[in-house]
Structure formats: structure tokens, C-alpha cells
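Student: Whatever this is, show me its structure:
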Amino acid sequence: MKNTIVGRLGRAVKEFLLLLFTACSIAINVVFYGGSRYQTLSSRSYIDSRTSYEWDNRRKRINKVFFWQENHCKLAWESEVLRAKRTLQRHGELDEL
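Tutor: Sure thing, here's the model as predicted:
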């Protein structure tokens, strides 16, 4: 019983921290860079790095912070695209992923 409660609490804390970091990333993108309120700084760095030297440098620095992931910014962008597709599918606007 105790392990189950501890396990659930651990997962809840992990989920909360992930949501908190995501919210902070979105806030930084919006407040400091005038970005979308639906996009993290990592995702934006991946997209804008294709056309901007400044954003390419940001992308490289962010990827270094998340060194355990192969390409964090690309993964963040892919995650946001998948979340948007799921939202569209849930509302009947998209047939399949």
C-alpha cells in the first residue's frame, strides 16, 4: 500500500515539475521574445534556427542544457506537433495521425 502511494506521489510530482518547466519556457518565449503562447522556447528555437543565426545559437545552447537527449529542440517541436494533431483529432478536425 505504501509503495503504491509513494509511487503515485512521485509520478504526480514529476508531472507537476514538467508542467511547471513547460509553462516557464512558454512564458519566456512570450515575454522576452514575443512568441506564441502555445510554443515553448525549445520548439521555437528548432523552427527559427533554420532562418536565423541568433535562434540557431539558442537552439545549440538549449540542446547542451538537455545533453541527455539527442536533439531536445527537435523533440520539443515534434511533441508540440503531435499534441496539436491529437487536439484536432479529438475535435473531429483531423481523421488520423
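Student: The helix or strand of the chain with the lowest mean pLDDT: how far from the chain's middle?
Tutor: Every helix and strand of the chain was ranked by mean pLDDT, DSSP states H and E. The lowest is helix 2-33, at a mean of 92. Remark: helix 2-33 is offset 11 Å from the chain centroid, using C-alpha atoms, centre = their mean, to the nearest Å.
Student: Next, the buried residues of it.
Tutor: For helix 2-33, the neighbour count (16 or more other C-beta atoms under 10 Å) marks 22, 25-26, 29 as buried. (Glycine included, C-beta is placed from N, CA and C.)
Student: Identify the residue nearest the geometric centre of the chain.
Tutor: residue 76 (4.2 Å; C-alpha atoms, centre = their mean).
Student: does that one really touch residue 39, like I thought?
Tutor: No. Residue 76 is beyond contact range of residue 39, at 9.0 Å (criterion: C-beta atoms under 8 Å).
Student: sorry, back to before: check which helices and strands the least confident helix or strand of the chain sits against.
Tutor: Applying 3 or more C-beta pairs under 8 Å, 6 or more residues apart in numbering; DSSP states H and E, one finds that helix 2-33 makes contact with helix 41-48.
Student: Give me the contact list for the helix it packs on.
Tutor: With contact meaning C-beta atoms under 8 Å, 6 or more residues apart in numbering, helix 41-48 is reached by 25-26, 28-29, 33, 35-36, 55, 58-59, 62, 66, 72-74, 76-77, 79-80.
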